[in-house]
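Visitor: Okay, predicted coordinates and the sequence, questions at the end:
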Amino acid sequence: MVKLFSPVEFKGVRLKNRIAMSPMCMYSSVNEDGMLTPFHVSHYVSRAVGQVGLVTVEATAVQPEGRISKQDLGIWQDEHISGFKRLNKELHQYGTKTSIQLGHAGRKAELDPPIYAPSALAFAEKSLTPVEMSKEDIQKTISSFKEGARRAREANFDIVEIHAAHGYLINQFLSPLTNQRIDEYGGSKKSRYRLLNETIKAVKKEWQGPLFVRISANEYHKDGNTKEDFVYFAKQMKAQGVDLVDCSSGAVVPAKVETYPGYQVRYSEKLREKAEIATGAVGLITTGIQAEEIVQNQRADLVFIGRSLLRNPYWAKAAADELGYNIEPPEQYARGWNRKK
């Protein structure tokens with residue numbers, strides 16, 4: 001049995017296979033208004049045609065000051081809903097389920113000042129120094145994640161993912177490298193988790209569907225979060241009803257990372273085992289054989305494919321061919337996909 005192409009279910013949402021399109025910023029909202037463009041539609045729909053089981057829309061800002069760049073997608077106002085609703089209608093035609101990654105860049109926002117973070121620490125030497133968030137700022141941001149989840153529901157997404165990775169705002173609160181607060185949002189790992197804790201609670205008031213969270217499970221710094229800290233965070237998320245932890249790594253502080261095929265899979269494997277929660281694996285997963293090994297050996301429940309899907313929208317078809325597995329093609333492509341060699 002080829003497990004990569006077996007279905008999996010989260011809170012009643014059934015994915016037809018274990019292949020997920022990883023959220024990847026396209027920086028293509030050309031009018032700086034956070035709106036979808038024709039490029040986004042072509043970009044995402046082509047992967048659904050290619051039979052990806054879950055298409056995840058890139059990091060989408062819950063506040064305008066939370067964008068990574070002025071070209072980021074947004075979900076901070078109701079005017080954004082209709083575009084996402086039309087996109088989901090297109091994606092769902094191909095049997096693909098959809099998710100959206102709700103995010104806030106924090107100190108990594110490349111915008112005009114002010115930008116915001118848990119502490120007034122710049123990301124790099126030439127980066128802006130952020131404003132340390134007040135408790136009022138924190139509560140406003142949590143409310144913005146909640147409203148983002150409401151808009152995602154109204155736009156007919158199947159899954160919501162909270163972006164708590166790659167050195168963006170929630171990750172900044174989680175990490176001792178970037179959080180030097182002395183109030184209840186800083187200090188111990190329990191206190192550093194507080195923002196994510198409250199964000200999950202707020203999101204769940206508007207979102208009853210499957211909830212994923214992406215984390216950076218290695219900060220590549222001796223003073224960063226430990227493996228035990230990440231197990232603790234994962235256990236807390238499970239207790240709060242999070243359905244899957246999407247395990248990436250890095251980008252909290254500048255660091256040189258040694259990469260190789262599947263270099264981040266060990267994080268998803270460890271958290272799946274220690275926290276007993278479903279996980280997603282990412283990081284240079286390029287072949288069907290490699291992806292099958294990950295899910296067959298229960299190292300992760302989903303494989304999130306990024307750059308390989310940028311190179312080939314029909315990566316799922318290529319993986320199926322590699323594994324000797326026949327997948328159902330879109331009707332329009334049946335003659336080509338089923339052609340005998």
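Guide: Structure received. Residues are numbered from 1 along each chain as shown.

Visitor: Going by C-alpha atoms from here, please, whenever you check contacts or count neighbours.
Guide: Fine.

Visitor: which stretches of the stretch 1-150 of the chain form strands?
Guide: Applying DSSP state E, counting those that start in this stretch to the stretch 1-150 of the chain gives strands spanning 8-10, 13-15, 19-21, 54-61, 97-103, 116-117, 131-132.

Visitor: Quick one: closest of the ones you listed to residue 307.
Guide: strand 19-21 (9.5 Å; Cα to Cα).

Visitor: coming back round to it: how about the strands of the stretch 1-150 of the chain, which one is nearest residue 200?
Guide: For residue 200, the closest of these is strand 97-103, at 11.4 Å, according to Cα to Cα.

Visitor: Just list what the closest one packs against, helices and strands only.
Guide: In terms of contacts (3 or more Cα pairs under 8 Å, 6 or more residues apart in numbering; DSSP states H and E), strand 97-103 is packed against strand 13-15, strand 54-61, helix 81-92, helix 135-154, strand 159-164.

Visitor: cutoff 7 Å now
Guide: Where contact means 3 or more Cα pairs under 7 Å, 6 or more residues apart in numbering; DSSP states H and E, strand 97-103 is packed against strand 54-61, strand 159-164.

Visitor: Name the next helix or strand downstream of the last one, please.
Guide: The one in question is strand 159-164. helix 169-174 (DSSP states H and E).

Visitor: Mind listing what's buried along the helix or strand following that following helix?
Guide: Where DSSP H and E defines the elements, the next helix or strand beyond helix 169-174 is helix 189-192. By neighbour count with 16 or more other Cα atoms under 10 Å, helix 189-192 contains the buried residues 189, 190, 191, 192.

Visitor: just stretch 7-24 next, same as before
Guide: Buried, per 16+ other Cα under 10 Å, within stretch 7-24: 8, 10, 15, 16, 17, 18, 19, 20, 21, 22, 23.

Visitor: What pLDDT is listed against the first one?
Guide: Meaning residue 8. For residue 8, the model assigns a pLDDT of 98.

Visitor: got it, and the last one?
Guide: At residue 23 the predicted local confidence, pLDDT, stands at 98.

Visitor: List the contacts of the residue nearest to it when sequence neighbours are not counted.
Guide: Residue nearest to residue 23 in three dimensions, not counting chain neighbours: residue 58, with 4.2 Å by Cα to Cα, 6 or more residues apart in numbering. Contacts for residue 58 were tallied using Cα atoms under 7 Å, 6 or more residues apart in numbering; they are 23, 24, 25, 100, 101.

Visitor: And residue 58, how far from residue 306?
Guide: Separation of residue 58 from residue 306 (Cα to Cα, to the nearest Å): 11 Å.

Visitor: Sounds good, over and out.
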